[in-house]
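# Below is the sequence, then the predicted model.
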There are 2 protein chains.
Amino acid sequence: MTTSHVRVLLTMALDLPLENQMNAKSVPVSTAALPSSRKVYESGVLHPHIQVPMRAIQLHPSANEPDVVVYDSSGPYTDPRANIQIERGLTRIREPWILARHDVERQETQRSTTSELTGFPVKQQPLRAKSNAAVTQLAYARAGIITPEMEYVAIRENVGRAKLKANGGEGNSWGANLPEYVTPEFVRAEIAAGRAIIPANINHPESEPMIIGRNFLVKINANIGNSAVTSSMSEEVDKMVWAIRWGADTVMDLSTGKNIHNIREWILRNSPVPIGTVPLYQALEKVDGVAEALTWEIFRDTLIEQAEQGVDYFTIHAGVRLAYIPLTANRVTGIVSRGGSIMAKWCLAHHRESFLYEHFEEICEICRAYDVSFSLGDGLRPGSIADANDAAQFAELRTLGELTRIAWKHDCQVMIEGPGHVPMHKIKENMDEQLKHCAEAPFYTLGPLTTDIAPGYDHITSAIGAAMIGWFGTAMLCYVTPKEHLGLPNRDDVKTGVITYKIAAHAADLAKGHPGARDRDDAISRARFDFRWEDQFNLSLDPDTACAFHDETMPREAHKLAHFCSMCGPKFCSMRISHEVQAAARESGMSEMAVKFREQGEIYVRPELG
Amino acid sequence: MTTSHVRVLLTMALDLPLENQMNAKSVPVSTAALPSSRKVYESGVLHPHIQVPMRAIQLHPSANEPDVVVYDSSGPYTDPRANIQIERGLTRIREPWILARHDVERQETQRSTTSELTGFPVKQQPLRAKSNAAVTQLAYARAGIITPEMEYVAIRENVGRAKLKANGGEGNSWGANLPEYVTPEFVRAEIAAGRAIIPANINHPESEPMIIGRNFLVKINANIGNSAVTSSMSEEVDKMVWAIRWGADTVMDLSTGKNIHNIREWILRNSPVPIGTVPLYQALEKVDGVAEALTWEIFRDTLIEQAEQGVDYFTIHAGVRLAYIPLTANRVTGIVSRGGSIMAKWCLAHHRESFLYEHFEEICEICRAYDVSFSLGDGLRPGSIADANDAAQFAELRTLGELTRIAWKHDCQVMIEGPGHVPMHKIKENMDEQLKHCAEAPFYTLGPLTTDIAPGYDHITSAIGAAMIGWFGTAMLCYVTPKEHLGLPNRDDVKTGVITYKIAAHAADLAKGHPGARDRDDAISRARFDFRWEDQFNLSLDPDTACAFHDETMPREAHKLAHFCSMCGPKFCSMRISHEVQAAARESGMSEMAVKFREQGEIYVRPELG
């Protein structure tokens, strides 16, 4: 198998320590298509100029099957025809769509200049809504407008399946409404109802629109970002590209430290997926980490700075109200959200209500002027099994519902963040309460982790909870990496986290009965049964690993044609024997007998043997 | 941190290739206690001579907490006082218990001599029931006898918790009956009812009794075993010791190939956990892999051979009836059970009913004479999402219910094997149907895998399903390693599979509300909140990995005392800030306010500030 990726080394500067690689030209990122895959694009009908990317996986000719088309979050990096230049950024595909709406204008930047890191070389004057216009997808949807972004995601959600293919999945959707075929009008209506969002800041025109909502494919988010202790800009850009290569639908840049502004700029200009942030982290940097010193004005300016850069969604911990802090006093793990703990400290220090809560309508006005979506943070989420579903958590959730309605009043798009650490039997209550209090605004959960006892494996403790809550209706799952609780994820951890969460999201889509979700499972299962090893690798979420594991014990090319593997060896291969069984069954007409069996409710009808 | 294990190298022969290490003296296995842990033993009351092992994890003095006692499947290997000699085998602790019942006698062996591998050096004449006595735990339970094995597991299940500690877990047990405290009489009654089994062959006196049943802690099994393509005896013994070190409750030796008898002997003589097998594999070896050439007589002799060696449970695919084979004809992945496909081929080739089904009562007689438990195999389990819960699978399940009752008639202990590949929304039906048709005999499932698309990560696709079905009532979860579908698991894969399944089993115990299950979660969460890093590592399922991950970015010893980690750095550590919040809350009497808040249903009562 050819290797599935090439790290683009734009200069020879890599022998420098990473900290010194502030020069854009030395950023290595992974490009090239995945094995046996090619990028295909589908055009719009309402908006013929839009080109929606998908990945077509070609199977071996012996399969006699069409290409398997899968959702593709990886952006131009996996298109060999794309000219990737990190220091120039991606093509600004949405810019003409945005400008054609005639409701934005260029303005002077208010960007901070505190960063020590080399800035992004190409400068753009930021856009902002004209006068008091609402430039959000929600405002357009309410006005009955189907934007290019909406048609784009409609095409994207159908993943190449034909309009008339009625292969509706069986499943239990717990009340979700999954249409056979997603139309642009369906997308518009879901956004108008607040049940879905398209995070798409007008200053992030490089992004390929995607949708987050209970009635669409379950999405995943990958967190990246440096901390004061480790990591650099080039590592973070590399992690972003790496995360979307394996399937991250959005990326949150959770960087802290001095270079936060410029790291974010490099990420945004090169990101085809929406970027989320927690603006409080940068605001806290501006007051040297002294939570009590935060003010609304500093926070507001930070929001504007990030909105101008193009951040697509903000985590805002406005639900951490002064009144709820006493409810955390007897918790086993207190407040484990960084943003939540900062706000709690501020509230206590000043003994007054959170400025985020008090100024929430002003935050809405900013978000409305750039179409930054809200991700209402769960600052009081449980950090241990002991604290799950407690009074603090649910008090905050009700406030998030209240804030959702305020944001909607301002035409702002909203999703709601959820826990955390929750044992299995308490997971469904989280979804039920969220639907009830937040009026079906999309839910976006971190895991949840179903036990506390496995640091080093929290991608797994949380994948269990994530798959379940995704099935119950969560729209986006925030990944957890093996490093959770222990350190900052490196490149390998990012990949492990993303693949693990693609599993959880896909398991959820299957269980919800998402139309077409099973197609890939069926294709890989047929490949498995037919001993098409290469097809099995290529259809998997991680072809490199699948192939490497196989090759550990059976490395030769001829083994890719073998009708067995090292697990059982040739004599015990159930699949091989099963082929013989099916051949014999065909000879004796067993397939027809099976029909008879089911019709008659009888155990067996002995065939007439010749 | 000191390393948690030492591989015992009994000779210097390790520079030979592994295939040549047939000499017992060159078998390396991992010993030494886990970090900060010591082996403690609790004596019996009814049977004062029994010594039930547990692991006590000592916390840092600053915690001011007692040792955390956890279930310990690792046997004498983690007891520094034990004298481990692989070529001599473990102490035969159960031999006096068995002989004291005066219902067994020594007999001439009927063992096969086909193996090329060096045999185990210490020979024992096998035991067998006298005349027609039933020597099964089920027979004793029905007779009202509480055996040492039963008291042993009662003590073991309580994991050191005191009789009067009423810390009953909250949860949803889906109808399971989880007592606050497990008494020997409760164990007896559960076994008598067929709801639980103690796999304990009279010829495997080295085993430390354990119980499998819905009303006990969820157990996990690890599969090991070589195939015709790879692996050797020394590797398999090493894998067994490695698997139980990390928590495997039973081990199945699925070896195939020429050396199957002697590999099993080495494993049995050194295994403190029950060993299961699929006798059909060895029977097939005896007829050179030609399924059609199998006969009842060859199979019967194989059963006796393995019963004499001490195999604790047999997977018997007697539910694969001729009549059901046509039901698999249109499946996407046919028959994926090795045993199932062998029997299907035999049935079709002879066009007659399975000899396992027809001779089932004779199999019962053998099992009864050695106390080999049945693990009724699901030869028709689904091998893909497409085939889940289909007619073939459920037809077989009903037959397994029929066979359960026959086995019980013969005083044999029974558990039922289950799938396989099942999407989340179809998992509960598996448990419900099993309970309904198999009269609450313990369920023992392989995963299930919740999607087919992630070869290389099937420990994760299946951990999701395993946690859920464990919650619903499955008594034992058979692990799946990352190599599933791709190759034979190596040592690392075994560990990954075991830890992953410990997570699933523990998540299930928590959700069922197993009394005391949450104690370890709470202890590690307190350690996390208090920045007791070493305690956090030591309380985790895999201290080595947790510590190594932490040390990747913060390697110095001083960092073990740091009140932050590299994930967020010092300024953003929510836990640290949360401590400050709690301190402030204490000052202003917030804890009392929280009580008032809840009592009055009011949001906040402003305290009198001084």
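Perfect, I can see it now.
# Going by C-alpha atoms from here, please, whenever you check contacts or count neighbours.
Noted.
# Double-check that residue A:276 belongs to a strand.
Yes. Under DSSP: H, G, I helix; E, B strand; the rest coil, residue A:276 sits within a strand.
# That one: how many residues sit nearby?
By other Cα atoms under 10 Å in any protein chain shown, 27 other residues sit near residue A:276.
# got it, and residue A:74?
For residue A:74, the tally of surrounding residues (other Cα under 10 Å) stands at 28.
# What of residue A:186?
Residue neighbour count, defined by other Cα under 10 Å, stands at 17 for residue A:186.
# I believe it is in a helix; please confirm or correct that.
Yes. If the criterion is three-state DSSP, then residue A:186 is within a helix.
# Contacts only, for it.
Residues counted as contacts of residue A:186 (Cα atoms under 8 Å, 6 or more residues apart in numbering or on different chains): none.
# Report the separation between it and residue A:157.
Distance of residue A:186 to residue A:157, given as Cα to Cα, to the nearest Å: 11 Å.
# Might you list the low-confidence residue ranges for the stretch 301-450 of chain A?
For the stretch 301-450 of chain A, no stretch has pLDDT under 70.
# Near chain B, which residues of it? Just list them.
A:323-324, A:326-330, A:332-342, A:344-345, A:348, A:384-386, A:423-426, A:450 (Cα under 8 Å from any Cα of the partner chain).
# among those, which are in helices?
The helices, defined by DSSP state H, take in A:338, A:339, A:340, A:341, A:342, A:344, A:345, A:348 from those.
# so how many other residues sit close to residue A:63?
14.
# The one 10 residues further on too?
Residue neighbour count, defined by other Cα under 10 Å, stands at 24 for residue A:73.
# Residue A:233 too?
With other Cα under 10 Å as criterion, residue A:233 counts 29.
# what bits of chain A have low per-residue confidence?
A:1-26, A:110-118, A:163-169, A:227-231, A:565, A:567-568, A:572, A:588-610.
# can you do 80?
A:1-27, A:109-118, A:162-169, A:226-232, A:257-258, A:557-573, A:575-576, A:580-610 (pLDDT under 80).
# Quick check on the residue nearest in space to the middle of it: phi, psi?
By Cα atoms, centre = their mean, chain A has its centre lying nearest to residue A:220, at 2.6 Å. Main-chain dihedrals, residue A:220, degrees, to the nearest 10: phi -130, psi 150.
# Could you do residue A:570 as well?
Residue A:570 adopts backbone torsions of phi -70, psi -30, taken as degrees, to the nearest 10.
# Please apply the same query to residue A:53.
Dihedral angles (degrees, to the nearest 10) for residue A:53: phi -80, psi 140.
# That one is in contact with residue A:39, isn't it?
Yes. With contact defined as Cα atoms under 8 Å, residue A:53 counts as touching residue A:39 (6.5 Å).
# Comparing the two, which residue is more hemmed in?
Higher neighbour count among residue A:53 and residue A:39: residue A:53, with 25 against 21, using other Cα under 10 Å.
# can you dump the C-alpha coordinates of the helix or strand containing residue A:537 into PDB?
Here residue A:537 sits within helix A:533-539, counting by DSSP states H and E. As requested, the backbone C-alpha atoms of helix A:533-539 are provided in PDB (Å, rounded to 0.1, in the frame of the first residue of the first chain):
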ATOM      1  CA  TRP A 533      -7.900  -7.000   2.200                       C
ATOM      2  CA  GLU A 534      -7.000  -3.700   0.400                       C
ATOM      3  CA  ASP A 535     -10.600  -2.700   0.200                       C
ATOM      4  CA  GLN A 536     -11.100  -3.500   3.900                       C
ATOM      5  CA  PHE A 537      -8.200  -1.200   4.800                       C
ATOM      6  CA  ASN A 538      -9.200   1.600   2.400                       C
ATOM      7  CA  LEU A 539     -12.800   1.600   3.600                       C
END
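# and which of the ones in helices among the residues of the stretch 301-450 of chain A next to chain B is nearest chain B?
Nearest to chain B among these is residue A:338, at 4.5 Å by Cα to the nearest Cα.
# now residue A:392: how far from residue A:335?
Here residue A:392 is placed at a distance of 10 Å from residue A:335 (Cα to Cα).
# Nearest to chain B: which residue in the stretch 1-150 of chain A?
Using Cα to the nearest Cα, the closest approach of the stretch 1-150 of chain A to chain B is made by residue A:70 at 11.8 Å.
# Could you look up the SS state of residue A:314?
strand.
# How many residues are close by it?
Using other Cα under 10 Å, residue A:314 has 25 neighbouring residues.
# wait, what's in contact with it?
Residue A:314 neighbours (Cα under 8 Å, 6+ apart): A:276, A:277, A:278, A:279, A:372, A:373, A:374, A:375, A:376.
# what are the ranges of the helices in the stretch 501-610 of chain A?
Applying DSSP state H, counting those that start in this stretch to the stretch 501-610 of chain A gives helices spanning A:518-529, A:533-539, A:543-553, A:574-587, A:590-600.
# for the contacts of residue A:314, which one is nearest chain B?
Chain B has its nearest neighbour among these in residue A:278, at 11.9 Å by Cα to the nearest Cα.
# residues in contact with the closest one?
A:254, A:314, A:315, A:316, A:339.
# Go again with 7 Å.
A:254, A:314, A:315, A:316 (Cα atoms under 7 Å, 6 or more residues apart in numbering or on different chains).
# now swap in residue A:54 and tell me
Applying Cα under 7 Å, 6+ apart to residue A:54 gives the contacts A:39, A:40, A:41, A:69, A:70, A:71, A:72, A:159.
# What strands flank the host helix or strand of it, and is each parallel or antiparallel?
When elements are assigned from DSSP H and E, residue A:54 belongs to strand A:51-57. Strand A:51-57 has its sheet partners listed here by DSSP bridges as strand A:37-43 (antiparallel), strand A:68-70 (antiparallel).
# Just send those strands back as TSV, with distance to residue A:148 too.
Output for the strands paired with strand A:51-57, formatted as TSV (distance: least, Cα to Cα, whole Å):
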stretch	distance to residue A:148
strand A:37-43	11
strand A:68-70	21
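# Please identify the deepest-packed of those.
Each of these was scored by mean neighbour count; the highest is strand A:68-70, a mean of 20, by mean count of other Cα atoms under 10 Å in any protein chain shown.
# circling back: looking at the strands paired with strand A:51-57, spot the one closest to residue A:402.
Of all the strands paired with strand A:51-57, strand A:68-70 sits nearest to residue A:402, with 37.7 Å by Cα to Cα.
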